[in-house]
Each structure stands twice: as structure tokens, then as C-alpha cells.
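Sharing a model that was predicted from the sequence below.
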Amino acid sequence: MSAQPIWSPTPHSDHPILRLQKDFGFHDYWQLHQWSIDNPADFWSRVWDDVEVVGEKGENSFVVGNDFISAKFFPEAKFNIAENLLRKGEDSEIAIIGLTEFGDRQEISWKELRQKVAATAAAMKSKGVLPGDRVVAWSPNLPEVVIWSLGALSIGAIVSTASPDFSPLAVADRFGQIEPKLLLVANSYSYNGKNFDLTSKILEIESLLPTLIETVRITDYQGFIENFMDAEPGFIRLPFDHPGFILFSSGTTGKPKCIVHSAAGVYIKASEELHYQFSIVPGEKIMFFTTCGWMMWNWLVMVLGRGATIVLYDGSPGFPEVDHLFRIAEDEALDFLGLSAKYIDSVNKAAVRPIEDLELKKLRMIGSTGSVLSPESFDFIYESVKRDVHVASLSGGTDICGCFLTPIPTLPVYRGELQGPALGMAVDIVSGDGKSADNDVKGELVCLTPFPSKPLGFWGDEGDVKYRAAYFEGFPGVWTHGDFASRSETGGYTIFGRSDATLNSKGVRIGTAEIYRVVEKFPQVKEAMAIAQDWEDDSRVLLFLVMTNGAELSQDLIQAIRKALREEASPRHVPDKIIATPELPRTKSNKLVELAVADLINGRIIRNRDALLNPQALDWFADCQELRQP
């Protein structure tokens, strides 16, 4: 990896990070970061003040507790997240822009947003919704979902959302556990130029959720709030640990876990990121391509608290052309565009160069998450999208509704690296013995100290049994996130894949992303999945490839892939077999599901097919005779 940065910041003495460094007499980000994790009470109190939280902070900002789970932030605070998300923005300015793949465009002003949130809250109260009740949405990524959620949060209800490509059974697996009172739905949604009717599925979902007292269709939303349009805003200020959101694990290892988050915790953690790490200011336009079923939707809604405009997009990122999201960035004059690493790779493989016909004048940062952003994708952005943009590769998750590793706008970007940990996040890489690993040594990504958006718990998990098993069994008392990673001498991080999908090849642990990085450079390869198969009292590594249109997996290509893996990774990275497959299974948020394939080919029970976007993809693996041959 080159020691030369591929992007360097322009000096900006008034940057929030530099102001903090100056206030405390620190010389660089790393000194500031160490202070922020050594002094959580002082740091998070400063975040509260710097982002101008509306509410009662109380005297104590952090109580250590007996362990990671029992630690408390702002135990005396009173806070309402909707009040904070709606407090900025002039009435006439635009708060939300809603776009669809067919070119529909909707604008909602701050005045209209505040009015409709107040009306929604009043309508929900008229239906008997109380603090702590669950209000859910199964919907495309439309502005009404934001309004619905803010209305619920303003009266202390708990919000949970899912995208419409979830099947009724998958929806019931999630929402059925939390027993919602109200459900927001759409009659249809569009994806990749096709329209999908949902009316029969709505009826099925209603039959599977007996606690519902009403279902509201987005086409009837105005009717739901019509009689309450004169309602005054009313925000119930609640304790810091009052639940605000329930997010769900992917469900690929069993029924999805219901991860309960404090509204205040999510807000204060996101506000730290948005203010210090992403430098978002009032009036900017921010878009992250997401569905309502991914935590990046929650993250994007938090941007309203900065007084910025959020841009929602519903549909396929590659329709009607593969670079459609970059064209949105041009047309909407976005300041920030968030994408998946897979999308960036797909534009690169399509040999499309947005730089040739798009200026992207205002675009200052491109964020990427969802999977590992390869070094080649860094190259593609700087060579083929925009040369002076800050590439921000992120890592965090649904579990924390935020980021561990973030952009650091006062430091340079190095090819293939995530810049470093967010302030307040005591991230480390540890080896099997639990000790901090040296630079460039691969190990488990952990967090050593609590943070405000740590889950309150899992719904229905008495004694936090599942909670502790999920994050604290690997290294007691330390949050183990499940990523296989390393830290470099620059302070940046490289992630090699999920620990639970890590291969053990001839006694050496290998992250799957190390294989994908090499293999997916071949233009004939659309995407790849590496799996360990139990074989003759040992294991062997299988590499499954989805080929690009018209490409074939010839013996010459197989040999070229083996040679590239041997030379660019190591002989241990060379798979025992390379097999072409028509498609790979993925989650509803479009992540590949290595565990489902590993379970199937090793004769284990596939724990939740309904959590998959394309469960039929597994049928091919079940019938593949080559998996039974030497």
C-alpha cells in the first residue's frame, strides 16, 4: 500500500475538530481522540453542548456502571429526538426532497414538515398511541415515512421500519415480535423499471400482526392527518434511555434479533459523526442511498438535526442507467453522496466515467459502506468520478446505529483505508489472546469502552442473555463487533470481511474480502463468494463466481484467477475449486450472505430463508453436483 495520500484536506482553522484540538491544547487528531475515550463524561457533555441539544442535560454525563451494558449516559437528562430534529431550518427552506427512479420529485419545506409531524402525532394520540407503544412502517423510501416516524417519536412511541421487498413472513418475523399498534404501508413500489403491487401482501401482513389497530396507506396519508392540521407541536421529553428505535439483525442465523436503541443515544452519536467527522452544516444537501430496512435510513434522518436537507431516493440505483446516483448528485447539487461499495464497483465494471460529463461542483464527500471499499474503487472515484472529493469509507452497523470507523476531515486519505475511529469510540484490533495487535497484524475489531448508541438490549431478552452472547463472549467486557481487520502505521484501518465468514485455509485465517479484491478486478467476474466446505476430515475453500453478461468461466480464466490470487494475495488464498453460479443469495439490504451458503453446503439447517432477498438462489447450491466431487 502506498504511503502517499490520495487526498489531503484543505486547511480550515474553524473546523469543529480543530476548534476542539485548540480548546484542549492538542496537536493532532490522535491526541484529541485519546482524550475523548479517556474522558467519556467530559467528551459526550461537550458533544451535547457543541451540537446545541435542546433538552435538560442534568449534572452527570456518564456513569460507569458494572460493565459495558450497565454503563449510563446522561442519566438525569430529559430529551425528545423529534424536537431536536425539527428545530433548525427556516420555514421556507426545503427539509426533504423525495425522488423516485421514474423521475418523480417532491419537496417538503421545514414549515410543512413541522406541521405534518404535529398533525401525525395528534392523529396517533387519537388512536390511543402512548409512550413506549410501537409504530411501524413497511414502505418504499418516501418522505411520508420520515413524517410518520417523527410524529411517533414526538409522543414517545418506538419506531421500526422495513422495506417493501421484505416478504409478509419476513415482516412478521420482525414486527410480530414487537407487537405494533399502527402500520404505514404503500400499495406498490417500483424497482429497476418494474412496478410491484403490494395490496394482497398488505392483507397477509395484517393477518400476521394481530396487535394492529389501524393500517395507514401512504395514498391515504393526508386523510389520516387532515383533521389535525391545526395541531400545535408537542414534544414529550423523556429519559435518555427511553427506547426510540428497534432495528433488526439480518436474520440469516435465525429469527431476526430486535435491537432496541435509545432515541437520544442514536441522536447524540449521529450528531457527533455529522458535526465533527462529516462536517455537515445547515443548508447542505445530503443523500445516502438506502432503503427503510437499513440503519443508514435512520442515520440519514438524523441529518435533519444539522439543519441540512435530506434527499431520499426510492428505486434501483442503476436504473435507468448504471451511474444514475451520480446524475442525481449533479442534478440536485449534492454536498454529500452516500453509496454502497458494491454500487461503486458496479459503475467501475460498467466502464462508465462520470467525470467525463458531470461536474459535481458541490460534491465534497462520497461515503461508502455496506461492504469493503476496495483500493481499486478508491482509484475509480478519484480517476473517474471527481479528483478533489473526500472519499469516506465507513464501518459500523445496525448493532450500534452508527459508525466505529469514520472520515476524519482534518487528515489525509490513504488508498484502501478507512481513516480511523470516530471521536469517543475506543476502537482497537486484538489478536486471539485479547491483546492489542501490532500494526498490519490482522485481528478482531473491538470497542473497549461504552458509547451512547450501544443497544439498550434485545426485545424480549430477559437478563440480556442474547445481548451478551452477541457481543461480549469473544473477549469478556469488550464489544467484539465481528469484523476481521488491521490497523496501519497511518492510523487507518483495513477490513477484510466478517469474522464469522473468515476462512481457515491450511491453518491461517483469511478474510473473504482479500479474495474478492483480487477476483473482482477481472472484467468477466460480476461478483464472488468464498466458502469453506467440510471435506474429508478437513476443509476446502470454494469460490463461487457470478459472471458478467456473455462471459464464461473457462479453464484459462480459472488459471488466471488462481495465478492472480497466488501473486497478489498468497498461495493460501487460492481456492480448491472455482465454480460459476447464476446468482448469490443476499439480504434485503443487498449484502451477500456467505453463512447461508456455508450452512447449506455443509449440511446444516439454513436458519432463516425468509430473511433473504432471493432465497431461490440457494436452490442451485442444493442441486450442484460439483460440490460432492473431489
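Structure received. Numbering: from 1, shown residues only.

Next one: Leu456 relative to Cys258, how far apart?
Distance, Leu456 to Cys258, by C-beta to C-beta, to the nearest Å: 11 Å. Quick note: C-beta positions are derived from backbone N, CA and C, even for glycine.

Helices along the stretch 101-250 of the chain, start to end?
In order along the chain, the stretch 101-250 of the chain carries the following helices (DSSP state H, counting those that start in this stretch): 110-126, 143-154, 168-178, 199-208, 221-225.

Identify, out of those, the most deeply packed stretch.
Counting by mean count of other C-beta atoms under 10 Å, helix 143-154 has the highest mean neighbour count of those, with a mean of 26.

Figure out how far that helix is from the centre of its chain.
Using C-alpha atoms, centre = their mean, to the nearest Å, we find the averaged C-alpha position of helix 143-154 to lie 20 Å away from the chain's own average C-alpha position.

so where is the protein shaky, pLDDT-wise?
Confidence mapping of the chain against pLDDT under 70 gives the ranges 1-2, 250-254, 501-502, 504-509, 537, 607-608.

Domain-wise, how is the protein divided?
Domain assignment for the chain by automatic domain parsing gives 16-316+394-487, 502-628.

for those domains, which one sits closest to Asn348?
Proximity to Asn348 (C-beta to C-beta) singles out domain 502-628 among those, at 9.5 Å.

where exactly do the helices run in the stretch 501-630 of the chain?
Assigned by DSSP H, counting those that start in this stretch, the stretch 501-630 of the chain shows helices spanning 512-519, 555-568, 594-601, 617-623.

out of these, nearest to Arg540?
When the helices of the stretch 501-630 of the chain are compared by C-beta to C-beta, helix 594-601 sits nearest Arg540, at 10.6 Å.

Which one's more surrounded, Leu456 and Cys258?
More neighbours surround Cys258 than the other of Leu456 and Cys258, with 23 against 20 (other C-beta atoms under 10 Å).

For the more buried one, which residues are in contact?
Arg174, Gln177, Ile178, Ile246, Leu247, Phe248, Phe458, Trp459, Gly460 (C-beta atoms under 8 Å, 6 or more residues apart in numbering).

okay, among those residues, which ones form the most distant pair?
The most widely separated members of the contacts of Cys258, counting by C-beta to C-beta, are Leu247 and Gly460 (14.8 Å).

who's more crowded, these two?
Leu247 (26 against 11).

is it true that Val391 lies in a strand?
Yes: going by DSSP: H, G, I helix; E, B strand; the rest coil, the assignment for Val391 places it inside a strand.

Next, the contact list for it, please.
Contacts were defined as C-beta under 8 Å, 6+ apart; by that measure Val391 touches Ile6, Trp7, Met365, Ile366, Ser368, Leu373, Phe378, Ile381, Tyr382, Val413.

can we see that at 10 Å?
6-7, 344, 365-368, 373, 377-378, 381-382, 385, 407, 413, 415, 417, 419 (C-beta atoms under 10 Å, 6 or more residues apart in numbering).

thinking again about what came up before, what is the nearest of the contacts of Cys258 to Glu536?
Taking C-beta to C-beta as the measure, Phe248 is the one of the contacts of Cys258 closest to Glu536, at 38.3 Å.

can you tell me which residues contact the closest residue in space to the closest one that isn't next to it in sequence?
Using C-beta to C-beta, 6 or more residues apart in numbering and skipping the chain neighbours, the partner closest in space to Phe248 is Pro256 (4.0 Å). For Pro256, the contacting residues are 162, 170, 173-174, 177, 247-250, 398, 608, 610-611, by C-beta under 10 Å, 6+ apart.

Buried ones in the strand or helix carrying Phe496, by neighbour count?
For Phe496, the element it lies in under DSSP states H and E is strand 493-498. Judged by neighbour count (16 or more other C-beta atoms under 10 Å), strand 493-498 contains these buried residues: Tyr493, Thr494, Ile495, Phe496, Gly497, Arg498.
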